[in-house]
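Colleague: Quick one, what's the 3D model for this:
(chains A, B and C)
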Amino acid sequence: MRGALRAGAVCAAAVVSVLACGGEKRAADAIVVGHVASMTGDTATFGRSADQGMRMAIEEINASGGALGKPIELITEDDRSVTEEARTAAQKLLQRDQVVALLGEVASSRSLAAAPEAQRAKRPMISPGSTNPKVTEVGDYIFRACFIDPFQGFVMAQFAVDELKAKRVAILFDFKQDYSVGLAEFFRETAQKLGAEIVADERYTSGDIEFRAQLTTIRAAKPDAIFVPGYYTELGLIAKQARELGIDVPLLGGDGWDSEKTIEIGGDAVEGYYFSTHYAADSDSPRVQAFVKDFQAKYGATPDAMAALGYDAARILADALGRAGSVDGPKLRDAIAATKGFDGVTGKISMDEQRNARKDAVVLKIEGGKFRYHRTVSAE
Amino acid sequence: MRARSLLWLGVAIAFLVFLDVAAPRLLNPYYVTILSRIGIAVIAAVSLQLVNGFTGQFSIGHAGFMAIGAYASAALSVFAGAAVLAAAAQVVPLPVARLAYFPVALVFGGLVAAVAGIVVAVPALRLRGDYLAIATLGAGEIIRIAILNIDAVGGARGFSLASPEYPSIDLRYESLAGVFGVALIAIAAISRLVYAGGGLAFRAVREDETAAESIGIATTRVKVEAFLIASFFAGVAGALFAHSEGYIHTNTFGFVRSFELVAFVVLGGLGSLSGAILAAATLTALPEVLRGLGEWRMVLYSLLLIATMLLRPQGLLGQRELWPISRLKGGGG
Amino acid sequence: MENLLQQLLNGITWGSIYALVALGYTMVYGVLKLINFAHGEVYMVGAMTGYYAAHALGLTQAPSLGALVLVLLISMAACALLGALIERVAYRPLRAAGRLAPLITAIGVSLLLQNAGQLVFGADPKFFPALLRSEEVIRAGGVAVSNIQLTVLVTALVLMAGLQYVVRRTRFGRAMRAVSYDAPAAALMGVPVDRVILGTFVLGSMLAAAAGILVGLSNPKIDPLMGLMPGLKAFVAAVLGGIGSVPGAMVGGLLLGVIETFVTAYLSSTYRDAIAFVILVVILLLRPTGLFGAPQTEKV
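Modeller: This is a model prediction of the structure:
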């Protein structure tokens, strides 16, 4: 027994002394901002697009003097599209890198995992694209630059019932993602209120590759439309398998579909489907066109919604830094909360009392292998 | 002899207090977290060593018991602990209440895991060798997926240690003293169990179960006992993890984690407590210390595992310990 | 009713993939009494090889049955090599080392392939090119059969039939059965045990590779960790059918696929993965030797 105690004490002392030489400090001549992003994994395009948007914004800002007279430096930490890794990534950025604020994440589940860290550290976090209402409920340091799912669910439910004249609707949602569960719930509520019948309510888990069992059940219920509020990777496979099973009715979705991979994976299968999102790259607004042109020049690709939102979020943060006049957590937080009428690529952004942005949504149609603007729904 | 033991005990306690008071101030909190994870890995490895190393039962689903301990203690804290703490805070200062409550949560996690241990052990231990291995693997996965389907503890979205009714009560408890204190207790308890008096029974079952049975050892009871104690400590390790992280997800307790624990035990030497401790501590600390290694960590792990089995199957320390043990005499440590 | 038939078809198609992988497990266990945990990763390498081969040969723009067969053959050859390599390097040296060491090594090889795969192939999922253009073949009373499902089913059945032929009608198959039954006695009778074991690994790996390609065809998302779960489940299928029994693995695989599909359709998809492990535990407790296995006695 005493031997064990002795050994334990020796080991522990050794480890502690080795690690006590740790801890890095960053140079004090830049404003360091952290980005929690899914740079790899199942929803890699979300993180990468958002990151690209942010970096482009930061380059522009630094070119005109930066914020508070200093350049902004963005450190991106990859969470590999894994929920609990988002928390670790946030921790690393806040504690190891001492960032003044966090940008990210796109997926609501991952934002929910990361947000408590920011709240606890009393440093603001702006999510560019998480739409589940619970994210900003974590605390008063958590903000978002986009609309929330009660609105998005309403948009697609109204679209299904009013425009597609659907009376029977099926839902196939991702049980593992807060985003999907929430959006399905809001869609269900609105669709039923508008008089449609939910004839099938099936679920899957992110990471699944086989959906024929659920799709067969849905097919048997003879829906007029199927709402699939999931992320693009599963959506691509679902679309293909649905077509193979002879399902011809349109599939509808939310901003989780907004990725070039939807078309890459789904191919012909996704033709004629619709989804709601934050902006349309083919919009004729001069603001959007200028942004798209600059983005294409820099990255050689058309920016998707996450890129545009990342761009806006970074600019909101820089703007708030200027208004706060300091990198102090509480002051920065207050400045972000006071954002009103900010001119973003994705629309005019004002933070309401719940720290959400009230913005319009657009419905896009997948046509000819591209996303095409279909219509706008304004936030009432 | 007695006085010397007490002296070491005093040193240990002093060191633990020092850890809790000084370490958070001296170290970057990121490193405190790493130390915490090392301690938890050590507890889990040592508990698995009892079953795999000392009793010779090849269990490869151990992370399941950590999961149960984590979720049970987290559920207790969120659904009952917060209320209790809030009430107690009226009478005593909150930090005191938290200090008193924390061990309760840990023991609760351990006990629930121990119950699960019996539920798994009694049917599974009827099997031998490969079949037992796969049965434990299956059990670990069933536990994980079962928890994944319980919506009350977050299901697939993970479970946050925050009570919606009492948002101001911090249910997290990151305590190096707690982690290393439990580690010391676990090491001492298992060491005592295996190296004192009746401890030979475990190793007898390991060496030749049929022979052991034929000389009168109640082999089933020995095996179940090992499983019980191992799952208890694994549960406590899980509870420590849950309270220091403040957020848990079943993904952390999958069979990859179980395989990691098996790696600790095998690389350290099947049958050596000190080996398991060294392996667990080193292999948990290594990727953090050599941060650039990131993606190569698991490749290194697996290569190490394979190389060890091919070149030095007894692992680092085989069945020896780093400290003196009284082998055949009964009593004392 | 038509719904039931469609689900049955879904289940059998999905299960045929499990069956192909399960065969590898069962054959190796038969000759070596070893659970080759790395087998799921051979399946993954098969899918990845197919992906790269299809791209390298420019077959992604020219879908055809010929393209599929070519990719299949390349992938099977590559995995045959991989299987042989694993046997030679990781398992053969431990032939005399008891049951534990090879098991741990198998786990090590499995982890190695997964993580090396992530480094080599990148952790992002890849999307298997459509080597066959998806068409509906039959629409009989509500049951839709696509050419892809049909291809998967037919290919799997052809391969399984081929294996049965090898096992039952060739000298090699006889040698394999001899080694499974009693390896030392077979050696005494002049059977080249080492070569038979190597051949067993090669055969099993080829089937796993085929499974990887077929899954790439019908569920095009592939990634370095794709072998984990299907590997474990295929193993459960082998145990269900009776580990060591070739027909057992086939039946076990198909059965597991059907049960999984029905549980997903009529209960909830969240139990999809759990059902395999529940079956495992039930089988181990009630009839550890599986549906087709023979009871084993333990020599003291």
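Colleague: would you list every one of the helices in the stretch 201-300 of chain C?
Modeller: Secondary structure of the stretch 201-300 of chain C (DSSP state H, counting those that start in this stretch): helices located at C:228-241, C:246-266, C:272-286.
Colleague: go on, the stretch 1-150 of chain A?
Modeller: Using DSSP H, counting those that start in this stretch, the helices of the stretch 1-150 of chain A run over residues A:2-19, A:44-63, A:83-91, A:108-121, A:134-137, A:149-158.
Colleague: what residue ranges in chain A score low on pLDDT?
Modeller: Scanning chain A for pLDDT under 70 picks out A:1-28, A:380.
Colleague: so what's the residue nearest the centre of it up against?
Modeller: In chain A, the residue lying closest to the centroid (C-alpha atoms, centre = their mean) is A:Val106, at 2.2 Å. Neighbouring residues of A:Val106 by C-beta atoms under 8 Å, 6 or more residues apart in numbering or on different chains: A:37-38, A:43, A:46-47, A:50, A:127-130, A:306, A:309. C-beta: built from backbone N, CA, C; applies to glycine.
Colleague: Check the secondary structure at the residue lying closest to B:Phe79 once chain neighbours are set aside for me.
Modeller: Closest residue in space to B:Phe79, ignoring its immediate chain neighbours: B:Ser163 at 7.7 Å, by C-beta to C-beta, 6 or more residues apart in numbering or on different chains. The assignment at B:Ser163 comes out as coil when based on DSSP: H, G, I helix; E, B strand; the rest coil.
Colleague: separation between B:Tyr101 and B:Ala80?
Modeller: Distance from B:Tyr101 to B:Ala80, counting by C-beta to C-beta, to the nearest Å: 10 Å.
Colleague: Show me which of the two is the more surrounded one.
Modeller: Between B:Tyr101 and B:Ala80, counted using other C-beta atoms under 10 Å in any protein chain shown, B:Tyr101 has the larger neighbour count: 20 against 15.
Colleague: Go ahead and confirm the more buried one touches B:Val84.
Modeller: Yes - counting by C-beta atoms under 8 Å, B:Tyr101 does reach B:Val84; the two are 6.7 Å apart.
Colleague: Isn't C:Leu72 up against C:Ile213?
Modeller: Yes - using C-beta under 8 Å, C:Leu72 is in contact with C:Ile213, at 5.2 Å.
Colleague: what's the overlap in contacts for the two?
Modeller: Residues touching both C:Leu72 and C:Ile213 by C-beta under 8 Å, 6+ apart: C:Gly50.
Colleague: Excluding chain neighbours, give the residue nearest to the spatially most central residue of chain B in space.
Modeller: Most central residue of chain B, judged by C-alpha distance to the mean C-alpha position with C-alpha atoms, centre = their mean, is B:Ala44 at 2.4 Å. Of all residues not flanking B:Ala44 in the chain, B:Ala237 sits nearest, at 4.5 Å (C-beta to C-beta, 6+ apart).
Colleague: what about that neighbour, how many residues close to it?
Modeller: 34.
Colleague: Who are the contact partners of it?
Modeller: Counting by C-beta under 8 Å, 6+ apart, B:Ala237 makes contact with B:40, B:43-44, B:47, B:66, B:69, B:182.
Colleague: Among the residues you listed, which one sits closest to C:Ala234?
Modeller: Using C-beta to C-beta, B:Met66 is the member of the contacts of B:Ala237 that lies nearest C:Ala234, at 26.7 Å.
Colleague: what does the stretch 101-250 of chain A put close to chain B?
Modeller: For the stretch 101-250 of chain A, the residues in contact with chain B (C-beta under 8 Å from any C-beta of the partner chain) are A:109, A:112-113, A:116, A:175-178, A:181, A:205.
Colleague: show me which of these neighbour chain C.
Modeller: A:175, A:205.
Colleague: now the residues of the stretch 101-250 of chain A next to chain B in CSV, with distance to A:Ala157 and neighbour count?
Modeller: Formatted as CSV, those follow (distance: C-beta to C-beta, whole Å; neighbours: other C-beta atoms under 10 Å in any protein chain shown):
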residue, distance to A:Ala157, neighbour count
A:Ser109, 23, 29
A:Leu112, 24, 28
A:Ala113, 28, 28
A:Pro116, 31, 21
A:Phe175, 20, 23
A:Lys176, 23, 23
A:Gln177, 19, 26
A:Asp178, 19, 27
A:Val181, 16, 22
A:Thr205, 24, 16
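Colleague: Taking the residues of the stretch 101-250 of chain A next to chain B, tell me the two that lie furthest apart.
Modeller: Greatest spatial distance in these: A:Pro116 and A:Thr205, 23.9 Å, computed using C-beta to C-beta.
Colleague: Tell me the residues of the stretch 251-380 of chain A that contact chain C?
Modeller: By C-beta under 8 Å from any C-beta, the part of the stretch 251-380 of chain A that sits against chain C consists of A:264-265, A:267, A:269.
Colleague: that older thread, pick the most buried one from the helices of the stretch 1-150 of chain A.
Modeller: Burial of the helices of the stretch 1-150 of chain A is given as mean neighbour count (mean count of other C-beta atoms under 10 Å in any protein chain shown); helix A:108-121 ranks first at a mean of 26.
Colleague: Now do that helix against helix A:149-158, angle only.
Modeller: Angle of helix A:108-121 versus helix A:149-158, following axes from the mean of the first three to the mean of the last three C-alpha atoms, to 10 degrees, is 160 degrees.
Colleague: same for helix A:108-121, what does it pack against?
Modeller: helix A:83-91, strand A:101-103, strand A:125-127, helix A:134-137, strand A:142-144, helix A:178-193 (3 or more C-beta pairs under 8 Å, 6 or more residues apart in numbering or on different chains; DSSP states H and E).
Colleague: Residues touching the fifth one, excluding its own?
Modeller: By C-beta under 8 Å, 6+ apart, the surrounding residues in contact with strand A:142-144 are A:111, A:115, A:118-119, A:124-131, A:135-136, A:336-337, A:351, A:355-357.
Colleague: residue ranges with poor pLDDT in chain C?
Modeller: C:294-300.
Colleague: The top helix by length along it near chain A at all?
Modeller: Counting by DSSP state H, the longest helix found in chain C is helix C:2-32. Yes - judged by C-beta under 8 Å from any C-beta, helix C:2-32 comes into contact with chain A at C:2-3, C:6-7, C:10-11, C:14.
Colleague: Return the members of the contacts of A:Val106 classed as buried.
Modeller: Neighbour counting over the contacts of A:Val106 (16 or more other C-beta atoms under 10 Å in any protein chain shown) leaves A:37-38, A:43, A:46-47, A:50, A:127-130, A:306, A:309 as the buried ones.
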